[in-house]
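Chemist: no FASTA, just this:
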């Protein structure tokens, strides 16, 4: 069985806007969502900036009794899923047993974890909340969405660090393609802006420590010195193409390719030869039936770490060939959002769908000083209008996880 | 403050309920309080009154919670 899989709903909670419409308008306009950390007192850690979701009120989507029992990462997932479900109109049209949830998160309930560790240290074990474990475990956003929408098929998290969102969507695509489900809610969520998290990434030297929000997240720029931590969620409603068409659903695009590989090389560093990343792209391109000469938008993983951006550039050259790689329109929207870790790939999937739908690619903000080792077209500073035939989104995660999704318009 | 009022206020505060609608006969399940919520409620009450509370029977109504808290207090007083 090899069925086509289309997107019929999208929802976004991001540092540059809540809701797909806001998010996309701001992204095209070059709005940068990075600013001083307000989630905790950041005076003790080296990095002072983050991509925080502004003005997020969980009571817009949840009852108070629900809010107090959900980690911020789960609240983001509910908000994004609510938008996606509403847009799709799929509720009530699907047998619950044929509806699945595949939702990624890199970490899980990081705030819940930290808060309860403080309670343990300050007040002892009797003050550790009975909700500590259920709010912290990384599968819970998937479980909560299944409860909320009565989706009774598989409900699985993808926990592949910064590739989680992309892996989750890819696995959901496979589940529908091969007949295990007809509908899936899928994407990723993350709320990692906590002191222990920033401290940990700082100790790895993974985060930028710049204090200027416009000179911190610098993908492919020679000045880059690490990523900027961010939070958010992206959720898609996926459906088998014929059922979506038959019920008259608005179709936002097709997910026509997925590649998933592992470097099997190092806990955190990418393979210098970029073989794992390149194979993920090649697999996605093969499934998408890519042909040389097509106009392609690439939403890069583009974290702004020195190693990633060089390895990703190499991977694109291997996968497309040197000549075709030079024709790619590439951008890293992490320049605007920061790095939403397990949510990044899901939000960036939405970027690809919108780029195809509107024939415009958002820019890589603040890319002013090109790096000779990153010598492709990264759409610096301002958006690019072009008719794209294909879009791909790369995500690579600690653990050596490489994932790539490919998207096309329905009906050319 | 009496124990009942303390419980009603704690539930109202956490879940956005109207405290005046909670009576001793109110069933926990009817206001959405499951076993995890009840455990968390007892933890909050422990914090307030400074005695360890270990329920010895199933908590079905607010009255059961009051009795459990009072028993814990009495046990503590007898030391």
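Modeler: Received the coordinates, thanks. Keep in mind that this is a model prediction, so the values were computed, not measured.

Chemist: quick one: contacts for residue A:364?
Modeler: Applying CB atoms under 8 Å, 6 or more residues apart in numbering or on different chains, we find residue A:364 in contact with A:219, A:220, A:302, A:330, A:331, A:332, A:333, A:335, A:378, A:379, A:380, A:381. Every residue, glycine included, has its C-beta placed from N, CA and C.

Chemist: in chain A, which helix or strand is least confident?
Modeler: helix A:64-67 (a mean of 93; mean pLDDT, DSSP states H and E).

Chemist: picking that back up, out of the contacts of residue A:364, which end up buried?
Modeler: A:219, A:220, A:302, A:330, A:331, A:332, A:333, A:335, A:378, A:379, A:380 (16 or more other CB atoms under 10 Å in any protein chain shown).

Chemist: need the helices for the stretch 151-300 of chain A, in chain order.
Modeler: Shown for the stretch 151-300 of chain A, the helices assigned by DSSP state H, counting those that start in this stretch span residues A:164-177, A:195-203, A:241-246, A:275-287.

Chemist: Quick one, which of these gets closest to residue B:56.
Modeler: helix A:195-203 (37.8 Å; CB to CB).

Chemist: what does the closest one rub up against?
Modeler: Residues contacting helix A:195-203 (CB under 8 Å, 6+ apart): A:37, A:40-42, A:44-47, A:50, A:107, A:110, A:113-114, A:117, A:207, A:209, A:229.

Chemist: That one: which residues count as buried?
Modeler: A:195, A:196, A:197, A:198, A:201, A:202.

Chemist: I'd like to know how far the fourth one sits from residue A:21.
Modeler: Distance of residue A:198 to residue A:21, computed by CB to CB, to the nearest Å: 31 Å.

Chemist: Quickly list the domain ranges of chain A.
Modeler: Listed by automatic domain parsing, the domain ranges of chain A are A:5-246, A:257-408.

Chemist: just to revisit the earlier point, give the buried residues for the least confident helix or strand of chain A.
Modeler: For helix A:64-67, using 16+ other CB under 10 Å, the buried residues are A:65, A:66, A:67.

Chemist: what about it, near chain B?
Modeler: Yes. Using CB under 8 Å from any CB of the partner chain, helix A:64-67 reaches chain B at A:64, A:65.

Chemist: ok, and does the next helix or strand after that helix reach over to chain B?
Modeler: Remark: after helix A:64-67, the chain's next helix or strand is helix A:72-88, criterion DSSP states H and E. No. Against chain B, helix A:72-88 shows no contacts by CB under 8 Å from any CB, the least distance being 15.1 Å.

Chemist: Partner strands of the helix or strand following helix A:72-88, with direction?
Modeler: Once helix A:72-88 ends, the next helix or strand along the chain (criterion: DSSP H and E) is strand A:99-104. Sheet pairing here is set by DSSP bridges, and for strand A:99-104 it gives strand A:155-158 (parallel), strand A:183-190 (parallel).

Chemist: now for the next helix or strand after strand A:99-104, which elements pack on it?
Modeler: Counting by DSSP H and E, the next helix or strand C-terminal to strand A:99-104 is helix A:110-123. Counting contacts by 3 or more CB pairs under 8 Å, 6 or more residues apart in numbering or on different chains; DSSP states H and E, helix A:110-123 packs against helix A:72-88, helix A:132-136, helix A:195-203.

Chemist: run the last query once more with 6 Å
Modeler: For helix A:110-123, the elements it packs on are helix A:132-136, judged by 3 or more CB pairs under 6 Å, 6 or more residues apart in numbering or on different chains; DSSP states H and E.

Chemist: What residues sit buried inside the helix it packs on?
Modeler: Buried, per 16+ other CB under 10 Å, within helix A:132-136: A:132, A:134, A:135, A:136.

Chemist: What parts of chain B come near chain A?
Modeler: Residues of chain B found near chain A (CB under 6 Å from any CB of the partner chain) are B:14, B:15, B:16, B:32, B:36, B:39, B:40.

Chemist: which one is the first one nearest to, not counting chain neighbours?
Modeler: By that I understand residue B:14. The shortest distance from residue B:14 to any non-neighbouring residue, by CB to CB, 6 or more residues apart in numbering or on different chains, is to residue A:68 (5.9 Å).
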